[in-house]
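Student: need a structure here:
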Amino acid sequence: MTNYSVFVVDDEGVAREGVTLALKREYQVQAFASAEAVIDALENDAPDLILLDIGLPGMSGVEALKIIKKKHPEIIVIMITAYEDVETVISAMKLGAYDYVVKPLKMDSLIANVRVALETISMRKEIQMLHEKYLKENLPCFIGESDAISDIMEIVKRIAESPDTSILIVGETGTGKELIAKAIHYRSPHFKGPIVSVNCAAIPKELIESELFGYEKGAFSGADASGKMGLVEKAADGTLFLDEVGDLSMAAQAKLLRFLEEGEYYRVGGTQKHQVRPRIVSATNRDLQKMIEDGKFREDLYYRLAVVKIEIPSLNQRPDDILPIAQNFLIEFGRKFGKTFTYISPDAEAALQNYHWIGNVRELKNIVERAVLMSDGPVLRAENLELKKIYMDEPAKKPDDMQVIPPLSASGINFTSILDSIEKYYFDAALKMAGGNESKAASLLGLTRDKFRYRIKKQS
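Tutor: Numbering: from 1, shown residues only. Here you go, the predicted model:
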């Protein structure tokens, strides 16, 4: 016996009882004499299917259909009509009715119609289950064989089970922080909801509040005439991903903290209080603890964002993952460009493993994409990668071994070139000493991380 439930709505007692008796053999059936009665019942119990008479006293079946489909669009409704009124039937079908039957009812035919309709529900549920299973098994995740990545994915599985725990993801640029945020979202109870990404560094400071929380019409000069829904509201019943959260101004930090503590906010220029509770996942490549010490980030906000903190190591800190990731990109871009690449040659493998990945996984992806696009295959070779030969295991030279400070002669020297060589030497040495961690390397040289990255880019 199935667990399907059916509501029968008909003001004629004989017809109502006859349909109820015929369907009770296979389904759970409740009968109602009016549209008002069935709508009241829907507040506590929603069936799989409703047989709904069109010609009801009081509220008509068509009027009831509008309300039912608005509140419960998933319910299948089959209309019952005493005569084949084409216009009324068409109107009902446009409103979302699944089918209709004509009185006097033929029970065998009615039961067959109900059975076919409920098979549609069964198929819909099966498709939904398969879709959910696919999402669970094929969601964004890291590729890699290192213990570090295995540990991170284990943490992701655990914390995703909580629907509202705030999570902070830290790591260098290009390590895959947004992938982790998506993996958390799709494993969470709210995976059917939206994931809304906000790049806090890309939004002007004067607009961040209106972007996050929205604004009412006429809130400020240049505002949209109809107002605007904020990103927080768009992320309702889902996940709000705040990327580069370390770039928020102090004023924006204060407003975000209030929202996190109270779950309430006002649109810019508005007086109506709004309540919404998306899960907040934030990410940064900055040292927030150092920013707190320097008075540039609120400590109370930090602890609200970092209920759970996930640290993603740089690609240079997990060399075991380089080749598996590269192999995955090789397959991905081979398909994209219609090329067949069978494997990565030994010299290319060595080049990949010995290269210093300033841009982490994002840089590796770009290099493999370019190599596949510009090469014919079937083997990816070192010359296709066009990588500089930087060997991570090569010991750093001592300053007195450097061949970059030639003596001044009568013919003169290229002073700018010499300074560039000295700078490059110390930057390379600092990166090697820090194991590829740019923040630590910058600290060794007495620089901020932003200045360090700027000068690294100038060298390339």
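Student: Output the below-cut-off pLDDT ranges for the chain.
Tutor: Low-confidence segments of the chain, defined by pLDDT under 70: 1-2, 83-84, 127-144, 218-226, 388-415, 417, 435, 460.
Student: Would you map the helices across the stretch 251-400 of the chain?
Tutor: With helices called from DSSP state H, counting those that start in this stretch, the stretch 251-400 of the chain shows them at 288-293, 299-305, 322-336, 346-354, 360-374, 382-385.
Student: got the buried residues for the last one?
Tutor: Judged by neighbour count (16 or more other CB atoms under 10 Å), helix 382-385 contains these buried residues: A382, N384, L385. Bear in mind the C-beta positions are built from the backbone N, C-alpha and C, glycine included.
Student: do the fifth one as well
Tutor: By neighbour count on 16+ other CB under 10 Å, the buried set for helix 360-374 is N360, V361, E363, L364, K365, I367, V368, E369, A371, V372.
Student: got JSON lines for those, with distance to K309 too?
Tutor: Written out in JSON lines, the entries for the buried residues of helix 360-374 read as follows (distance: CB to CB, whole Å):
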{"residue": "N360", "distance to K309": "19"}
{"residue": "V361", "distance to K309": "20"}
{"residue": "E363", "distance to K309": "25"}
{"residue": "L364", "distance to K309": "25"}
{"residue": "K365", "distance to K309": "26"}
{"residue": "I367", "distance to K309": "30"}
{"residue": "V368", "distance to K309": "30"}
{"residue": "E369", "distance to K309": "32"}
{"residue": "A371", "distance to K309": "35"}
{"residue": "V372", "distance to K309": "36"}
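Student: got the residue ranges for the strands in the stretch 101-250 of the chain?
Tutor: Counting by DSSP state E, counting those that start in this stretch, the stretch 101-250 of the chain forms strands over residues 167-170, 195-199, 214-215, 228-229, 239-243, given from the N-terminal end onward.
Student: okay, the ones you listed in JSON lines with distance to V308 and mean neighbour count next?
Tutor: Written out in JSON lines, the entries for those read as follows (distance: least, CB to CB, whole Å; neighbours: other CB atoms under 10 Å):
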{"stretch": "strand 167-170", "distance to V308": "5", "mean neighbour count": "24"}
{"stretch": "strand 195-199", "distance to V308": "17", "mean neighbour count": "18"}
{"stretch": "strand 214-215", "distance to V308": "28", "mean neighbour count": "22"}
{"stretch": "strand 228-229", "distance to V308": "29", "mean neighbour count": "16"}
{"stretch": "strand 239-243", "distance to V308": "14", "mean neighbour count": "25"}
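Student: Adding distance to P378, write these out as CSV.
Tutor: Compiled in CSV, the strands of the stretch 101-250 of the chain are given as follows (distance: least, CB to CB, whole Å):
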stretch, distance to P378
strand 167-170, 37
strand 195-199, 37
strand 214-215, 53
strand 228-229, 51
strand 239-243, 38
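Student: do you know which of these lies nearest F427?
Tutor: Each of the strands of the stretch 101-250 of the chain was scored for nearness to F427 using CB to CB, and the closest is strand 167-170 (22.6 Å).
Student: who does that closest one touch, helix- and strand-wise?
Tutor: Judged by 3 or more CB pairs under 8 Å, 6 or more residues apart in numbering; DSSP states H and E, strand 167-170 is in contact with helix 177-187, strand 279-284, strand 308-311.
Student: Check these for me and report the most buried one.
Tutor: Per-residue neighbour counts averaged over each of these give the maximum for strand 279-284, namely a mean of 26 (mean count of other CB atoms under 10 Å).
Student: Surely K66 touches A97?
Tutor: No: using CB atoms under 8 Å, K66 is not in contact with A97, being 10.6 Å away.
Student: More neighbours: which of the two?
Tutor: Neighbour count, other CB atoms under 10 Å: between K66 and A97, A97 has more, with 23 against 14.
Student: Tell me which residues touch the more buried one, please.
Tutor: By CB atoms under 8 Å, 6 or more residues apart in numbering, A97 lies in contact with L52, L65, V77, I78, M79.
Student: Could you find the closest non-adjacent residue to the fourth one?
Tutor: This points to I78. Residue nearest to I78 in three dimensions, not counting chain neighbours: D99, with 4.9 Å by CB to CB, 6 or more residues apart in numbering.
Student: My guess is the one you found contacts L118. True?
Tutor: No: the pair D99 and L118 does not pass the contact test of CB under 8 Å, sitting 11.8 Å apart.
Student: Give me the more crowded residue out of the two.
Tutor: L118 (19 against 15).
Student: wait, isn't the more buried one in contact with D48?
Tutor: Yes: taking contacts as CB under 8 Å, L118 lies within contact range of D48: 6.3 Å.
Student: L21 - how many residues pack around it?
Tutor: The burial metric for L21, expressed as a neighbour count using other CB under 10 Å, is 12.
Student: same check, this time on I331
Tutor: Taking other CB under 10 Å as the neighbour definition, I331 ends up with a count of 13.
Student: P278 now?
Tutor: 24.
Student: Quick check: the gap between the nearest residue to it once chain neighbours are set aside and L212.
Tutor: In space, P278 comes closest to A235 once its chain neighbours are excluded; the distance is 3.8 Å by CB to CB, 6+ apart. The span separating A235 from L212 equals 10 Å under the rule CB to CB, to the nearest Å.
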